[in-house]
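[1] Okay, here's the prediction I keep looking at, along with the sequence it came from:
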Amino acid sequence: MESAPYTPLRQLKFPLLTKIQEVAKRAEAFGMKIQYHNRHPLPSSVFPSAKYVSFSDLIATSDVISLNLALTHETSHILSAAEFAQMKHGVVIVNTARGGLIDEEAMIAALEEGKVWSVGLDVFENEPRVDERLLRSERVVVSPHIGAATVETMVSLCFDVLIFGRVGMREKRG
């Protein structure tokens, strides 16, 4: 059997939706009810037990908010002071997507006021700098961003280094 030719896009084998489904599956295992917001409701076959809600309803009614979306001009600071003000007291925030999705100053203020009970982060707004207040807080869990640490991505990166490295070496030899 012949292997597929290498392309840099091979690492997109596992779409974001699959990761979101895995988060939902784990949350359900702990007895959590799943509600979500997306630009459009997903087919019920994707999340059979999940409820589609508006973004404002999601913010106002969730005990735990997990961000699983791309950072774009429209999603930058999707959680800012206005959204934190609408959240339930004692909400838990998890961001393993992109640091710029959250206004860190607003999140830290909400954390210090007790509006946000706990935060889990592996991405930060001003990476590589991490705000000292996040590092000192006993209610914040931080870890390195390892979302791309899959066998498939590592193999793809090795191919990138080998292929593009060789091209670069040829160009230098001229």
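    Good, I have the coordinates.

[2] What segments of this structure are strands?
    Under the criterion DSSP state E, the chain contains strands at 35-36, 51-52, 64-67, 91-95, 116-121, 140-142.

[3] Next, format the ones you listed as CSV and append distance to Ser80.
    C-betas here are computed from N, CA, C, even on glycine. CSV is the format used below for those (distance: least, C-beta to C-beta, whole Å):
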stretch, distance to Ser80
strand 35-36, 20
strand 51-52, 23
strand 64-67, 13
strand 91-95, 12
strand 116-121, 13
strand 140-142, 18
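
[4] Export those strands to TSV and append columns for mean neighbour count.
    As requested, these are arranged in TSV below (neighbours: other C-beta atoms under 10 Å):
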stretch	mean neighbour count
strand 35-36	17
strand 51-52	14
strand 64-67	17
strand 91-95	20
strand 116-121	19
strand 140-142	16
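
[5] could you dump the ones you listed to CSV with mean pLDDT?
    What follows is the strands of the chain, written out as CSV (pLDDT from 0 to 100):
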stretch, mean pLDDT
strand 35-36, 90
strand 51-52, 90
strand 64-67, 93
strand 91-95, 94
strand 116-121, 96
strand 140-142, 94
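
[6] Which of these sits closest to Phe84?
    Checking these against Phe84 by C-beta to C-beta gives strand 116-121 as the closest, at 6.9 Å.

[7] The closest one pairs with which strands, parallel or anti?
    Strand 116-121 pairs in its sheet with strand 91-95 (parallel), strand 140-142 (parallel), by DSSP bridges.

[8] what sits up against stretch 105-119?
    Contacts to stretch 105-119, defined as C-beta atoms under 8 Å, 6 or more residues apart in numbering, come from residues 77, 79-81, 84-85, 87, 89-95, 131, 133-134, 137, 139-141.

[9] please redo it, this time with the cut-off set to 10 Å
    Residues outside stretch 105-119 that contact it (C-beta atoms under 10 Å, 6 or more residues apart in numbering): 63-65, 77, 79-85, 87-95, 102-104, 121, 125, 131, 133-134, 137-142.

[10] Contacts only, for Pro144.
    Asp122, Val123.

[11] which phi and psi does it have?
    Per-residue torsions, Pro144: phi -70, psi 150 (degrees, to the nearest 10).

[12] For the residue most central in space within the chain, give its distance to Val140.
    Geometric centre of the chain, nearest residue: Ala97, 1.9 Å, by C-alpha atoms, centre = their mean. Ala97 sits 17 Å away from Val140, taking C-beta to C-beta, to the nearest Å as the criterion.

[13] And for Gln86?
    The gap separating Gln86 from Val140 is 21 Å, by C-beta to C-beta.

[14] so Leu101 touches Ser66, yeah?
    No. Contact criterion C-beta atoms under 10 Å: Leu101 and Ser66 do not qualify, at 11.1 Å.
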